[in-house]
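Enquirer: Return a 3D structure for these sequence lines:
(one chain, ligands or ions: 1)
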Amino acid sequence: MKVEQQIPCPVCVTMIPFDASQLLLGVNFECPNCHVSIGLAADSKPIVEKAVKKLDDIKNTK
Ligand SMILES: [Zn+2]
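Expert: All right, here's what the predicted structure looks like:
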């Protein structure tokens, strides 16, 4: 099952769609608005972890 998630861009707060499983594989995603790269870099990792945790919460409630 593919679950697409969105995280707010750290620069412009545009919601960036990403696939959590791909992100964990090291795939970077680009903000469609300001083209900042979102990936498992040290500075964006907390955002990613938060999003993945949220995904787990969704799984748990279903
Ligand atoms: Zn942006």
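Enquirer: Mind jotting down where the strands sit in this structure?
Expert: In the chain, the segments counted as strands under DSSP state E are 4-8, 15-19, 29-30, 37-38.
Enquirer: quick check: mean pLDDT across the first one?
Expert: Going back to what we said before, that points to strand 4-8. Here strand 4-8 scores 84 as its mean pLDDT.
Enquirer: Same question for the second one.
Expert: In this model, strand 15-19 carries a mean pLDDT of 88.
Enquirer: My read is that P32 contacts T14, right?
Expert: Yes: counting by C-beta atoms under 8 Å, T14 is a contact partner of P32 at 6.5 Å. For glycine as for every other residue, the C-beta is placed from the backbone atoms N, C-alpha and C.
Enquirer: re the thing from before, can you tell which of the strands of the chain is closest to the ion?
Expert: strand 15-19 (7.1 Å; C-beta to the ion).
Enquirer: what sits against G39?
Expert: Applying C-beta atoms under 8 Å, 6 or more residues apart in numbering, we find G39 in contact with 23, 26-29.
Enquirer: buried sites along stretch 18-33?
Expert: Going by neighbour count (16 or more other C-beta atoms under 10 Å), the buried part of stretch 18-33 is 18, 20, 23, 29, 31.
Enquirer: what helices or strands is the helix ranked longest in the chain leaning on?
Expert: In the chain, taking DSSP state H as the definition, the longest helix is helix 45-61. The elements that helix 45-61 packs onto, with contact taken as 3 or more C-beta pairs under 8 Å, 6 or more residues apart in numbering; DSSP states H and E, are strand 4-8, helix 20-24.
Enquirer: Dump the ones you listed to CSV, plus distance to the ion.
Expert: Shown next, in CSV, are the helices and strands packed on helix 45-61 (distance: least, C-beta to the ion, whole Å):
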stretch, distance to the ion
strand 4-8, 9
helix 20-24, 16
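Enquirer: Dump these into a markdown table; add distance to V36 as well.
Expert: Shown next, in a markdown table, are those (distance: least, C-beta to C-beta, whole Å):
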| stretch | distance to V36 |
| --- | --- |
| strand 4-8 | 11 |
| helix 20-24 | 15 |
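Enquirer: right, and the ones you listed - which one's nearest A51?
Expert: strand 4-8 (4.9 Å; C-beta to C-beta).
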